[in-house]
Each structure stands twice: as structure tokens, then as C-alpha cells.
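>>> Here is a sequence together with a model predicted from it:
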Amino acid sequence: MKRLIQQLINPRNNNQLLEFPHLLTRLAITEQDKIDAFRKRFSESNFIMYIVANAVQTPGLLPVTEKFTRLVKRYLGINIRILGSLPYEPFMNSAITKRTPFVVEYPKSEYNNSMKKIAENLLAASGKKALYDDFNKS
């Protein structure tokens, strides 16, 4: 299978580049059981895939995430829900070097606010509420 994929994505020959559905068809000849399992898993009605855009340097880059979800839908037939985005954070390396979670080191950052929104979106999608909602009411 690895050799077939390498042949199909040879950058020196654009005629060999295949769209994903065609690749699945070609792989089905030798790997039918794996292809069937792949298609079954991603076509289950309870399967939901989420995405978070990370290190977004400008708001103008957010449409890239939407475009990606459309491409995945077009070529794989998989719906992806966007949970949100995290801004590029120049101080991230500092927090990593200190081995301190960024949201602890910079609690008032836009990054921290974005993390909360993503968590809220994920909880809303699952039908649950945030644990900190109980604390905010007291």
C-alpha cells in the first residue's frame, strides 16, 4: 500500500496525482478490508469530527479552516465542525520553556479566552455544561 501511495503522489508527474476517492478505489483492489473499515467508520451517523485552527496569525486566515472542512467533505465525505481558533501566541515558547501551561502563565490572554470558547463549543456540542458554570453562579 505504501508503495502505491508513493507512486500516486509523485510530485514529478502531475498526471499521477489522484483525488482521494480515486485513491480509495485503487487501494480497494489490494486492501479491500481496510478500505471497507475506513468507509464504515467515517460514515457512521454518530461519528462527528471537530477541528480547531491553531496559531492563527490574522483573522484573515480563518477562512482557510472553512475551506479545509469543505475539501474534506468533498473528497472524503466527512463533515467536520469547527470548534474555534487559537491565535498565534509569541509568548508560547516562554511558557513551554518554563513548563507552565500557557493559560496559567498568561491568564488574561486572547489565547486563554479562545480556549474557553472552544471548550464551551465542545461541551455545547456534546450537550453538557461547563463545570465552571456552577462556580460562576455562587
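Received the coordinates, thanks. Residues are numbered from 1 along each chain as shown.
>>> dump the residue contacts of the residue lying closest to residue 105 once chain neighbours are set aside.
Leaving aside its chain neighbours, residue 105 sits nearest to residue 95 (4.3 Å; criterion: CB to CB, 6 or more residues apart in numbering). To be clear about C-beta, it is placed using only N, CA and C from the backbone, and glycine gets the same treatment. By CB atoms under 8 Å, 6 or more residues apart in numbering, the contact set of residue 95 is 101, 102, 104, 105, 106.
>>> tell me how far stretch 104-118 is from the chain's mean position?
19 Å (CA atoms, centre = their mean, to the nearest Å).
>>> Show me the contact partners of it.
52, 83-87, 89, 91-92, 94-95, 98, 102-103.
>>> which pair in those spans the largest distance?
By the measure CB to CB, 83 and 98 form the most distant pair in the contacts of stretch 104-118, at 27.1 Å.
>>> returning to what we had before: for residue 71, state which of the contacts of residue 95 is nearest.
Using CB to CB, these come closest to residue 71 at residue 102, 29.8 Å.
>>> Quick check: chain neighbours aside, which residue is closest to that closest one?
residue 95 (4.2 Å).
>>> so which helix or strand takes in that neighbour?
helix 92-98 (DSSP states H and E).
>>> now swap in residue 63 and tell me
Per DSSP H and E: helix 62-76 holds residue 63.
>>> Just the CA atoms of stretch 34-47, as CSV, please.
Extracted in CSV, the C-alpha atoms of stretch 34-47 (Å, rounded to 0.1, in the frame of the first residue of the first chain):
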residue,chain,number,x,y,z
LYS,A,34,-9.1,-1.8,5.3
ILE,A,35,-11.0,0.4,2.9
ASP,A,36,-14.3,-1.0,4.0
ALA,A,37,-13.5,-0.4,7.6
PHE,A,38,-12.4,3.2,6.8
ARG,A,39,-15.6,4.0,4.9
LYS,A,40,-17.8,2.3,7.6
ARG,A,41,-16.2,4.2,10.5
PHE,A,42,-16.4,7.6,8.9
SER,A,43,-19.9,7.1,7.6
GLU,A,44,-21.5,6.1,10.9
SER,A,45,-24.2,8.5,11.9
ASN,A,46,-22.8,9.1,15.4
PHE,A,47,-19.3,9.9,14.1
